[in-house]
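1. Provided below are the primary sequence and the corresponding predicted coordinates.
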Amino acid sequence: MTNTPFPIQDYALLSDEECDARIIAAKAKLGSRCVVLGHHYQRDEVFKHADFSGDSLKLSRDAAKSDAEYIVFCGVHFMAEVADILSRPEQIAILPDMAAGCSMADMANLIKVQKCWDELAQIIDVEAEVTPVTYINSAADLKSFCGKHDGIVCTSSNAQKILEWSFAKKSKVLFFPDQHLGRNTGYRMGIPLEEMVTWDFTKPMGGLTEQQIRNAKIILWNGYCSVHQVFKPEHIDEFLKRYPETKVISHPEASFEVCQKSEYIGSTEYILKTVREAEPNTRWLVATELNLVNRLHDECKAQGKNVHFMSPTLCMCSTMFRTDPQHLAWVLENLAAGHVVNRISVPEDIAKYAKKALDNMLGVM
């Protein structure tokens with residue numbers, strides 16, 4: 001055992017094969033003290049080493065229930081924050097590469113959201129009329145903001161239940177950072193498009209008139225997932241010309257136009273469940289991240305199912321892709337040697353209210 005952590009530079013030139021062997025050896029040495037979490041969008045070279053796989057909330061809850069001392073989250077920054085907030089005090093959350101962020105989450109920050117809240121307060125009684133709802137794909141301080149203002153967190157699988165909970169409390173929702181999840185969910189609940197306005201955080205009053213704000217039921221933040229914006233309605237049209245029997249399934253982070261042309265809309269877990277349980281010899285066009293679609297294709301081809309990525313342009317989550325075998329080997333070998341690197345620790349004052357917003361959500365599920 002060394003007194004100082006091993007530097008990441010020592011791992012940069014290792015081959016994936018060398019890293020595989022070292023990851024396996026380090027995991028064996030750590031045993032039940034460490035659990036590796038693999039998000040569905042993670043690259044295969046890392047995903048195969050996961051003890052648990054799934055979406056971000058499921059993984060954090062699985063880790064919190066485990067006996068592990070160390071939670072190594074192969075995902076992005078906000079996911080490791082959620083793991084830290086929901087885990088027990090003695091558990092330590094770790095992110096293999098600190099550069100693994102989320103471009104959508106970065107589109108909303110506390111300064112911008114607080115400014116929005118303050119500007120809305122000039123027109124309406126925000127505390128009495130508005131429930132802030134943040135998608136789980138957001139920073140811990142935004143979850144904390146929601147907790148402080150009697151708000152809540154949602155996921156792509158429970159967004160409708162969360163909006164129903166919110167409207168039972170107050171007449172309006174401020175939904176951030178993903179406009180598409182909010183719009184697609186609201187529309188499926190029967191809310192007209194004109195009652196869902198988009199807040200452009202680069203403009204005074206979000207670029208909205210006083211009347212638009214007063215009439216709105218959902219105020220949508222002008223944020224989006226760049227991966228899910230590569231899918232276009234014309235991709236569906238062209239594919240159906242060749243294969244009219246195709247079933248179309250999309251993640252609700254895709255645009256309104258794509259979701260309107262989809263027979264099925266749901267979270268990554270919903271997509272996996274729906275395609276896995278479908279009749280053999282069916283064809284599916286899927287609008288979500290490439291790594292997940294490729295794995296689903298390989299898994300289902302023995303049943304005669306054809307699973308296709310919707311966009312002709314290949315696109316994966318570039319920030320998720322930053323977590324590679326080299327970083328995972330570095331983290332695990334340091335842990336095996338007694339060194340904690342890349343710990344994610346949410347400050348207590350932020351974690352307290354972020355957990356309140358998360359607990360509100362868990363109470364609805």
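-> Everything's here; your move.
2. low pLDDT regions in the chain?
-> Scanning the chain with the threshold set as pLDDT under 70 gives 1-2, 314-320.
3. how does it look with 90?
-> Within the chain, the stretches with pLDDT under 90 are 1-4, 40-43, 54-56, 101-104, 226-227, 312-322, 365.
4. domain parsing for it?
-> Domain ranges of the chain: 8-101+319-346, 105-225, 228-309, per automatic domain parsing.
5. N360 is nearest to which of those domains?
-> Nearest of the domains of the chain to N360, taken as Cβ to Cβ: domain 105-225 at 4.3 Å. C-beta here means a position set from N, CA and C on the backbone, and glycine is covered the same way.
6. identify the residues contacting the spatially most central residue of the chain.
-> Among the residues of the chain, the one closest to the centroid is N137, at 4.4 Å (Cα atoms, centre = their mean). Counting by Cβ atoms under 8 Å, 6 or more residues apart in numbering, N137 touches S56, F78, C102, M104, A105, P177, D178, C225.
7. can you tell me the closest non-neighbouring residue to the first one?
-> Sequence neighbours aside, M79 is the residue nearest to S56 in space, at 4.2 Å (criterion: Cβ to Cβ, 6 or more residues apart in numbering).
8. what's in contact with the helix or strand that neighbour falls within?
-> In this structure, M79 sits in helix 77-86 according to DSSP states H and E. For helix 77-86, contacts defined as Cβ under 8 Å, 6+ apart pick out 37, 39, 56-57, 59-61, 63-64, 71, 73, 93-95, 98, 100-102, 105, 136-140, 143, 344-346, 351, 354-355, 358.
9. swap in stretch 342-352?
-> So stretch 342-352 is contacted by 73, 77, 80-81, 83-85, 92-98, 140-141, 144, 147, 331, 354 (Cβ under 8 Å, 6+ apart).
10. could you turn the buried ones of these into a ChimeraX selection?
-> Listed next is the ChimeraX selection for buried residues among the contacts of stretch 342-352, using 16 or more other Cβ atoms under 10 Å:
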select :73,77,80,81,83,84,85,92,93,94,95,96,97,140,141,144,147,331,354
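11. just the C-alphas of the biggest helix by length in the chain, formatted as PDB.
-> In the chain, with assignment by DSSP state H, the single longest helix is helix 348-364. This file holds the C-alpha atoms of helix 348-364, laid out as PDB (Å, rounded to 0.1, in the frame of the first residue of the first chain):
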ATOM      1  CA  GLU A 348     -24.900  19.400   4.100                       C
ATOM      2  CA  ASP A 349     -26.900  22.600   3.700                       C
ATOM      3  CA  ILE A 350     -27.600  21.800   0.100                       C
ATOM      4  CA  ALA A 351     -28.100  18.100   0.600                       C
ATOM      5  CA  LYS A 352     -30.800  18.700   3.400                       C
ATOM      6  CA  TYR A 353     -33.200  20.500   1.100                       C
ATOM      7  CA  ALA A 354     -32.300  18.400  -2.000                       C
ATOM      8  CA  LYS A 355     -33.200  15.300   0.000                       C
ATOM      9  CA  LYS A 356     -36.500  17.000   0.900                       C
ATOM     10  CA  ALA A 357     -37.400  17.400  -2.800                       C
ATOM     11  CA  LEU A 358     -36.200  13.800  -3.500                       C
ATOM     12  CA  ASP A 359     -38.300  12.500  -0.600                       C
ATOM     13  CA  ASN A 360     -41.300  14.400  -1.900                       C
ATOM     14  CA  MET A 361     -40.900  12.500  -5.200                       C
ATOM     15  CA  LEU A 362     -40.300   9.100  -3.500                       C
ATOM     16  CA  GLY A 363     -43.500   9.700  -1.500                       C
ATOM     17  CA  VAL A 364     -45.400  10.000  -4.800                       C
END
